[in-house]
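Trainee: What would the 3D arrangement of this be:
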Amino acid sequence: MWSSITNIFRIQELREKILFTIFIILVFRIGTHIPVPGIDASALAQFFETLRGTVFGIYDIFVGGALSRASIFSLGIMPYISASIIMQLLSNTLPNLQRLQREGEHGRRIINQYARLLTILIATVQAFGITSFLQTLKTQTGIAVVPNPGILFTITTVITLVGGAIFVMWLGEQIDERGIGRGSSMLILIGSLDTFPAEARAIANLISSGTITWLNVLVFFVFFVLVTSIVVIITEVQRRIPIHYAKRVVGKAVVGGQTTYLPLTVNVAGVIPIIFAQSVLIFPQTLSTIAPSPQIQSIFQTYFQPGTWLYDTLFALLILFFAYFYTSIVLNPKDIADNLQRNGGFIPGIRPGDATAQYIDSVMSRILLPASIIFIFIAIVPYHVSKLLNVPFYFGGTRILIIVGVILDLVNQINSYLLMKQYDALIKKGKIRGWRTS
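Mentor: Okay, here's the model as predicted:
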């Protein structure tokens, strides 16, 4: 293991990417501790103690505690993710965006620019909702979270939060371009790990006070390990479809004739369906904070919280929808069938062309349905287990899938770099030997 770590830092390009990613993460973490002016931080922290397990409490986990600290990064990367959802939905329905998608890199850049502009709009709505929400908060002792509310506080806070969201979006893009891992997923991962030490201390305090027993913690730990193992398995498992290539004569050489496999990953969409579903559920809750009617706010607070039947049902349906939707974007059976036909490949017993596309689509649908059901189980059940055992440790499906998925993706990228450099080194040594013997 130690030799693998040392090999990572021996490769200059990989070392620079890792160090740059660490630098971006440090910048992000510093930003989550810079508070917005005009807020009583201690009063806000007291109030958020009552929001654990709610939508705002879960949202706070994924922004690294920035919301409970009312920092300039309180919105985190979520507005950009919400904008990406909308743009991907529109890209499959609007003809103009469909044409841009077919234009390759140039079209993707234009669509990405649209997503950035939409991010500003969504961030503005969410910032206004959070600002209005903060101005109404008071602790149980009657201390206002915002001592001097008003139009000036609203304007400055909205501008600050929107600017912070844009900066976080830029940090994620910098990781994509110059770092390692997926930028948005890496920032969410770091935010998810923020509360681990505090939750561990809370569990230790509950055990010492006799509120919970060691048996509760042991059962919870076994369940945690079981869920993590299921996530790793479902993330790595593949369905391999055999592919045969016909022999062809190219010049004087005979190519083809070999058999390979088309690997269909069960979890093609990765953690994206969970993140997308969470983002969609957070958006209406944000709108409820600026609702003029207290009755509307009460309805959302009563029926639209994690653990309620309405929230869990919507969460499950959204996960199922985004799993199929995102997979259809990433994996197009028609394109795969056309590429196979152009290169002389075929699936044994299946005619090339449309029949191959239909077969791939049917296989993907069959393996995606049970995988989606497992993801729904992982996303919803851990929350109820935590509540039942009275263990204050949130590891719902969103969190565990993000942690496992991002870490596995990061490890795979690092292994790809190591394998590529080892391959280059072998080629170089072979050339040197050939030069010496010549």
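
Trainee: neighbouring contacts of the one helix or strand residue 327 maps to?
Mentor: Element membership for residue 327 (DSSP states H and E) is helix 309-330. If you take C-beta atoms under 8 Å, 6 or more residues apart in numbering as the criterion, helix 309-330 is touched by 85, 88-89, 91-92, 268-269, 272-274, 276-278, 280-281, 303-306, 364-365, 368, 371-372, 375-376, 379-380. Quick note: C-beta positions are derived from backbone N, CA and C, even for glycine.

Trainee: Any regions of the stretch 1-150 of the chain where pLDDT drops low?
Mentor: 1-5, 7, 48-62, 64, 92, 139-142 (pLDDT under 70).

Trainee: Can you give the domain ranges for this protein?
Mentor: 16-194, 215-438 (automatic domain parsing).

Trainee: for the ones you listed, which one ends up most surrounded?
Mentor: domain 16-194 (a mean of 18; mean count of other C-beta atoms under 10 Å).

Trainee: what sits against residue 169?
Mentor: Contacts of residue 169 (C-beta under 8 Å, 6+ apart): 77, 79, 80, 116, 119.

Trainee: Same check on residue 268?
Mentor: With the criterion set at C-beta under 8 Å, 6+ apart, residue 268 makes contact with 326, 327, 330, 331, 364, 368.

Trainee: and the helix or strand in which the last one is found with helix 309-330, angle?
Mentor: This points to residue 368. According to DSSP H and E, residue 368 maps onto helix 354-389. Per axes from the mean of the first three to the mean of the last three C-alpha atoms, to 10 degrees, the angle that helix 354-389 makes with helix 309-330 is 150 degrees.

Trainee: Check which helices and strands helix 354-389 sits against.
Mentor: helix 214-236, strand 238-245, strand 259-265, helix 272-288, helix 309-330, helix 333-342, helix 397-437 (3 or more C-beta pairs under 8 Å, 6 or more residues apart in numbering; DSSP states H and E).

Trainee: For residue 14, find the nearest of these.
Mentor: Evaluated over the helices and strands packed on helix 354-389, closeness to residue 14 peaks at helix 397-437, with 4.6 Å, by C-beta to C-beta.

Trainee: Low-confidence stretches in the stretch 151-300 of the chain?
Mentor: 247-257, 279, 282-300.

Trainee: one more time with 90, if that's ok
Mentor: 151-154, 157, 172-173, 176-217, 219-221, 223-300 (pLDDT under 90).

Trainee: Next, format the helices and strands packed on helix 354-389 as a markdown table and append distance to residue 352.
Mentor: Shown next, in a markdown table, are the helices and strands packed on helix 354-389 (distance: least, C-beta to C-beta, whole Å):
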| stretch | distance to residue 352 |
| --- | --- |
| helix 214-236 | 30 |
| strand 238-245 | 11 |
| strand 259-265 | 13 |
| helix 272-288 | 31 |
| helix 309-330 | 21 |
| helix 333-342 | 5 |
| helix 397-437 | 31 |
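
Trainee: Report the spatially nearest residue to the residue most central in space within the chain, omitting neighbours in sequence.
Mentor: With distances taken as C-alpha atoms, centre = their mean, residue 185 lies nearest the centre of the chain, 4.5 Å away. Spatial nearest neighbour of residue 185, excluding adjacent residues (C-beta to C-beta, 6 or more residues apart in numbering): residue 406 at 4.7 Å.

Trainee: Would you quantify the distance from that neighbour to residue 184?
Mentor: Using C-beta to C-beta, to the nearest Å, we find residue 406 at a distance of 10 Å from residue 184.

Trainee: Next, show the common contact partners of these two.
Mentor: With contacts taken as C-beta under 8 Å, 6+ apart, residue 406 and residue 184 have no neighbour in common.

Trainee: model confidence over the helix holding residue 327, on average?
Mentor: Taken as a whole, helix 309-330 has an average pLDDT of 83.

Trainee: Use 28 as the first number for this chain going forward.
Mentor: In the new numbering, first residue 28, that becomes helix 336-357.

Trainee: That helix versus strand 286-292: what angle between them?
Mentor: 150 degrees.

Trainee: Tell me the spatial nearest neighbour of residue 271, not counting adjacent residues.
Mentor: In space, residue 271 is closest to residue 286, 5.3 Å off (C-beta to C-beta, 6+ apart).

Trainee: Please apply the same query to residue 170.
Mentor: Nearest non-adjacent residue to residue 170 (C-beta to C-beta, 6+ apart): residue 70, at 4.6 Å.

Trainee: try residue 134
Mentor: Per C-beta to C-beta, 6+ apart, closest to residue 134 is residue 127, 3.6 Å.

Trainee: residues touching that neighbour, list them.
Mentor: So residue 127 contacts 118, 134, 135, 137, 138 (C-beta under 8 Å, 6+ apart).

Trainee: again with residue 71
Mentor: 95, 96, 97, 161, 164, 172.

Trainee: Out of the residues you listed, which sit inside helices?
Mentor: residue 161 (DSSP state H).

Trainee: Dump the contacts of residue 71 to a markdown table, plus distance to residue 187.
Mentor: As requested, the contacts of residue 71 are exported to a markdown table (distance: C-beta to C-beta, whole Å):
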| residue | distance to residue 187 |
| --- | --- |
| 95 | 16 |
| 96 | 13 |
| 97 | 10 |
| 161 | 12 |
| 164 | 18 |
| 172 | 16 |
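
Trainee: Pick the one among the contacts of residue 71 closest to residue 246.
Mentor: Once C-beta to C-beta is applied, the member of the contacts of residue 71 that ends up nearest residue 246 is residue 95, at 28.7 Å.

Trainee: Now that closest one: phi and psi?
Mentor: phi -70, psi -20 (degrees, to the nearest 10).

Trainee: For residue 59, see how far away it is.
Mentor: 10 Å.

Trainee: do the same with residue 357
Mentor: 31 Å.

Trainee: Also residue 420?
Mentor: Distance from residue 420 to residue 59, by C-beta to C-beta: 21 Å.

Trainee: same check, this time on residue 413
Mentor: For residue 413, the distance to residue 59 - C-beta to C-beta - is 24 Å.

Trainee: Ok, residue 233 next?
Mentor: For residue 233, the distance to residue 59 - C-beta to C-beta - is 26 Å.

Trainee: same deal with residue 49?
Mentor: For residue 49, the distance to residue 59 - C-beta to C-beta - is 16 Å.

Trainee: now swap in residue 294 and tell me
Mentor: Counting by C-beta to C-beta, the gap from residue 294 to residue 59 is 29 Å.

Trainee: go on, residue 206?
Mentor: 18 Å.

Trainee: Also residue 410?
Mentor: 24 Å.

Trainee: got it, and residue 108?
Mentor: 17 Å.

Trainee: and if you look at residue 235?
Mentor: Distance from residue 235 to residue 59, by C-beta to C-beta: 30 Å.
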